[in-house]
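Trainee: build me a model:
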Amino acid sequence: MSKKATRKTIAIAIGGGVQRNGETRVIDRFVLSLVKKARPNVVFFPTASKDREDNILSFINEYDRLGSDVYTIRMYRRRLKKVDFDAIDSADVIYLGGGNVTLLKRSLLRQSMLKHIERRYKQGGILVGNSAGAAIFFQNYKAFNKSGAIETGKGLNLLDTDLNVFLHYRSLDKPSISRKKTKKYIAIPDSGAMVFIDGKPDRMVGAESLYISI
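Mentor: Got it, this is the predicted structure:
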């Protein structure tokens, strides 16, 4: 008698990219291709951008065009309702958008949403994070900001991995990066993503990622 197959967890960390400019379209199509149903249920968190309406509209338009139903959970200056938690419980894809990592972490922890996301992820919901949304997948993160400086911070390690992440990655040729440190990072550029199966790197989508020790 064969053993019952164990449900695999799937998470996709996106290095960055402006969705309304089509910079993540290859990745967005790949995400939905993993869901074996006609119109996947996608839950979008624009929290890290303070629920910016242009980001919300851009996301809804893109994912509707690609053939999915989108439910947006606004957490910035808003208390969650039962319908928001119910949406997570039936989500095929949970997508955490970009913006401010600290704001995203505090919001998820303050309203107890994080445990609902983790539960759905372990049940088979696909977890996607773009920029700030991807940062919380790991223990530590680095990222090039718009001015070219390197920001650092702590994630929430949702993937339970010993890897860290370098987002918006462009080049190692930066004097502020120390080569004496030995932490393992996966460097993901804009328009690129790394797919994790059961918390382990599985494949790259879009722009190529790489491993670095810094």
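Trainee: the residue nearest to the spatial centre of the chain and Lys82, how far apart?
Mentor: Centroid check for the chain by Cα atoms, centre = their mean gives Gly129 as the closest residue, at 0.7 Å. Between Gly129 and Lys82 the distance is 25 Å, computed by Cβ to Cβ, to the nearest Å. Every residue, glycine included, has its C-beta placed from N, CA and C.
Trainee: go on, Lys36?
Mentor: Noted for Lys36: a distance of 28 Å to Lys82, by Cβ to Cβ.
Trainee: likewise Thr161?
Mentor: Going from Thr161 to Lys82 by Cβ to Cβ gives 32 Å.
Trainee: higher neighbour count, the two?
Mentor: More crowded of Thr161 and Lys82, by other Cβ atoms under 10 Å: Thr161, with 19 against 7.
Trainee: pretty sure that one is touching Lys200, no?
Mentor: Yes. Counting by Cβ atoms under 8 Å, Lys200 is a contact partner of Thr161 at 7.4 Å.
Trainee: quick one, strands of this protein?
Mentor: Taking DSSP state E as the test, the strands found in the chain are 10-14, 41-45, 69-72, 93-96, 126-130, 140-144, 150-154, 164-167, 184-188, 192-197, 200-206, 210-213.
Trainee: which stretch in those is the model least sure about?
Mentor: Mean pLDDT values for the strands of the chain show the minimum at strand 210-213, a mean of 70.
Trainee: circling back: I'd like the strands of the chain written out as JSON lines, with distance to Arg52 added.
Mentor: Putting the strands of the chain into JSON lines (distance: least, Cβ to Cβ, whole Å) gives the following:
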{"stretch": "strand 10-14", "distance to Arg52": "18"}
{"stretch": "strand 41-45", "distance to Arg52": "12"}
{"stretch": "strand 69-72", "distance to Arg52": "11"}
{"stretch": "strand 93-96", "distance to Arg52": "14"}
{"stretch": "strand 126-130", "distance to Arg52": "13"}
{"stretch": "strand 140-144", "distance to Arg52": "19"}
{"stretch": "strand 150-154", "distance to Arg52": "20"}
{"stretch": "strand 164-167", "distance to Arg52": "19"}
{"stretch": "strand 184-188", "distance to Arg52": "23"}
{"stretch": "strand 192-197", "distance to Arg52": "22"}
{"stretch": "strand 200-206", "distance to Arg52": "23"}
{"stretch": "strand 210-213", "distance to Arg52": "31"}
